[in-house]
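Novice: quick one: sequence plus predicted model below, questions after.
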Amino acid sequence: MMQELKKKVRKEAFINREKAFAADIGNSASLLSSVLAGYRGVPIAGYLPIKTEINPLSAMEEASAHSLVGVPVIQGNSKPLKFSGWEPGCHLKKGPFDVQIPVNSNYFVPEVLIIPMVGFDRKGGRLGYGGGFYDRTLEHLRSRHATLAIGFAYSEQEFENLPLEPTDQKLDIIITQREIIEFKHSK
């Protein structure tokens with residue numbers, strides 16, 4: 001039942017994201033850049049956008065001048081992600097699910113994660129692709145040290161209430177091309 005509901009919401013979210021992507025004029029990461037500027041020297045993990053995902057690369061490039069920046073590398077279906085160092089112009093290769101990853105693996109543990117989303121709500125809920133990679137990763141990282149989860153998406157990907165499960169990890173901040181939404185979650 002929950003999986004069917006999530007599947008239905010994902011379908012609508014993908015349509016909304018495609019429309020937002022088509023209208024994107026290329027400055028969607030400016031608010032993300034402003035937030036990351038407050039984390040100079042802190043290891044940051046971003047992502048290399050696929051399909052119609054909002055593009056964080058300009059913010060990641062700016063952050064790479066002052067911080068170690070990386071991208072996710074899938075380790076296996078039920079495992080948390082690892083993060084390999086990335087810098088503008090580094091050599092990439094195809095990884096699992098045809099996602100680009102750095103040719104030279106230089107793994108590190110990030111303290112700030114920029115997370116792509118299919119959908120989100122104003123309670124810090126995030127709907128991803130359904131593989132649970134970021135949920136497992138956040139649970140793993142948060143059990144070891146403070147980890148800031150920043151969801152990055154188009155404002156058009158917002159939903160009133162997402163169907164969420166107890167294993168779905170909440171976001172600390174959601175950044176869109178239009179606004180910054182911060183949450184104070186009770187632990």
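Specialist: Looks like it came in fine. Numbers count the residues shown, from 1 in each chain.
Novice: use CA for all of it now, contacts and neighbours both
Specialist: Noted.
Novice: pick out the residue closest to the middle of the protein.
Specialist: Central residue of the chain (CA atoms, centre = their mean): residue 115, 0.8 Å from the mean position.
Novice: pretty sure that one is touching residue 47, no?
Specialist: Yes - Residue 115 sits in contact with residue 47 when judged by CA atoms under 8 Å, with a separation of 7.2 Å.
Novice: so what's the residue nearest to the centre of the chain bridging to?
Specialist: residue 151 (DSSP bridges).
Novice: any idea how far it lies from residue 1?
Specialist: Distance of residue 115 to residue 1, computed by CA to CA, to the nearest Å: 26 Å.
Novice: could you pull out the helices for the chain?
Specialist: Counting by DSSP state H, the chain has helices at residues 2-23, 30-36, 57-64, 133-142.
Novice: buried ones in the second one?
Specialist: What it means is helix 30-36. Using 16 or more other CA atoms under 10 Å as the test for burial, helix 30-36 gives 30, 31, 32, 33, 36.
Novice: got the residues you listed as CSV, with pLDDT columns?
Specialist: Below are the buried residues of helix 30-36 laid out as CSV (pLDDT from 0 to 100):
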residue, pLDDT
30, 96
31, 97
32, 98
33, 97
36, 97
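Novice: relative to residue 96, which of the residues you listed is nearest.
Specialist: Taking CA to CA as the measure, residue 32 is the one of the buried residues of helix 30-36 closest to residue 96, at 26.6 Å.
Novice: wait, doesn't the closest one sit right on residue 175?
Specialist: Yes - the pair residue 32 / residue 175 is scored as a contact, 6.3 Å apart, by CA under 8 Å.
Novice: what about the residue nearest to residue 175 when sequence neighbours are not counted, neighbour count?
Specialist: Leaving out its chain neighbours, the residue that sits closest to residue 175 by CA to CA, 6 or more residues apart in numbering is residue 152, at 5.0 Å. By the criterion of other CA atoms under 10 Å, residue 152 has 29 neighbours.
Novice: repeat for residue 110
Specialist: So residue 110, with other CA under 10 Å, has 24 neighbours.
Novice: please apply the same query to residue 2.
Specialist: Neighbours of residue 2 using other CA under 10 Å come to 10.
Novice: same deal with residue 141?
Specialist: Neighbour tally, residue 141, other CA under 10 Å: 17.
Novice: who touches the nearest residue to it once chain neighbours are set aside in this structure?
Specialist: Distances taken as CA to CA, 6+ apart place residue 147 nearest to residue 141, at 6.5 Å, with adjacent residues excluded. Contacts for residue 147 were tallied using CA atoms under 8 Å, 6 or more residues apart in numbering; they are 110, 111, 112, 113, 138, 141.
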